[in-house]
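> A structural model of the following input is requested.
(one chain, ligands or ions: 1)
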Amino acid sequence: MKIAVLVSGRGSNLQALIKNLHGFDVEIVAVASDNDDAPALRHARTANIPTGTFIAESFDDRTARDLAIADWLDENGVELVVLAGYMALLSGPFIERFRDRIVNVHPSLLPSFPGTRAVEQAVAAGVKVFGVTVHLVDEGIDSGPILLQRAVQLDGYSDPTEVHQILQTIEHELLPEGVRLMASGAVTRDPGNPQRLIIGR
Ligand code: GAR
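Sure, this is the predicted structure:
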């Protein structure tokens, strides 16, 4: 399956995808970014993956930018879109074009702490159990059906950066696992409750 990865920043999840999808029937054919300074783009170029940058200033609005990204992904034959630290909100028309074919990784146990600064929110709330969610993307903020979650008990941590580092080691396993599941065709929606995903086979 041909996939694209959307990135905004450091790109450690992109690196994990490059490494952990090797040998599976999944090919990263495009890396797109809303930030032309994203270090993640360097990782893509090192791995000889075509990159595209779509900065807000070059487009009339978010929808125009997202449709340009969608066109570029279509030109590259992309079947599944993976958000790996992509910090811009995707507009409705993009989500419609790739309905049920967009996966995101989020550093909390959704539906707790959606949106930005999830780890800071969780630390501020004094939670003892943190975690990572891999989910499908819908029009809401981190509200799409949950594919995979992993929790970790962290008592006594007050530094969000330290917690996020621990969560990222989980992300680096969970996101490639979610992509492999999606690519294998094993994921369907529960007909009785479309918010619930069934992992079969
Ligand atoms: C990741 O930790 C991911 O969970 C977070 O951005 C980071 C990107 O790191 N995403 C979100 O918070 C999305 N709401 P990376 O650039 O090193 O992969």
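> for the record, mean pLDDT for the longest helix along the chain?
For the chain, the longest helix by residue count, based on DSSP state H, is helix 160-183. Here helix 160-183 scores 98 as its mean pLDDT.
> Let's see the pLDDT reported for residue 68.
According to the predicted model, the pLDDT of residue 68 comes to 98.
> so where's this protein uncertain?
Low-confidence segments of the chain, defined by pLDDT under 70: 201.
> And what about the closest residue to the ligand within it, helix, strand or coil?
Nearest residue of the chain to the ligand: residue 85, at 2.5 Å (C-beta to the nearest ligand atom). C-beta: built from backbone N, CA, C; applies to glycine. The three-state assignment at residue 85 reads coil, by DSSP: H, G, I helix; E, B strand; the rest coil.
> ok, now how distant is it from residue 180?
The gap separating residue 85 from residue 180 is 19 Å, by C-beta to C-beta, to the nearest Å.
> Output the longest helix of the chain as PDB, nothing but the C-alphas.
Taking Å, rounded to 0.1, in the frame of the first residue of the first chain, the C-alpha atoms of helix 160-183 are listed here in PDB:
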ATOM      1  CA  PRO A 160       5.800  17.500  30.400                       C
ATOM      2  CA  THR A 161       8.900  17.300  28.300                       C
ATOM      3  CA  GLU A 162      10.100  14.200  30.200                       C
ATOM      4  CA  VAL A 163       6.700  12.600  30.000                       C
ATOM      5  CA  HIS A 164       6.400  13.300  26.300                       C
ATOM      6  CA  GLN A 165       9.800  11.700  25.700                       C
ATOM      7  CA  ILE A 166       8.500   8.500  27.300                       C
ATOM      8  CA  LEU A 167       5.300   8.700  25.300                       C
ATOM      9  CA  GLN A 168       7.200   9.100  22.100                       C
ATOM     10  CA  THR A 169       9.000   5.700  22.600                       C
ATOM     11  CA  ILE A 170       5.500   4.200  22.700                       C
ATOM     12  CA  GLU A 171       4.400   6.300  19.600                       C
ATOM     13  CA  HIS A 172       7.300   4.900  17.600                       C
ATOM     14  CA  GLU A 173       5.900   1.400  18.100                       C
ATOM     15  CA  LEU A 174       2.200   2.100  18.000                       C
ATOM     16  CA  LEU A 175       2.000   4.300  14.900                       C
ATOM     17  CA  PRO A 176       3.800   1.800  12.600                       C
ATOM     18  CA  GLU A 177       1.600  -1.000  14.100                       C
ATOM     19  CA  GLY A 178      -1.500   1.000  13.300                       C
ATOM     20  CA  VAL A 179      -0.400   1.600   9.800                       C
ATOM     21  CA  ARG A 180       0.400  -2.100   9.200                       C
ATOM     22  CA  LEU A 181      -3.100  -2.900  10.500                       C
ATOM     23  CA  MET A 182      -4.800  -0.400   8.200                       C
ATOM     24  CA  ALA A 183      -2.700  -1.600   5.200                       C
END
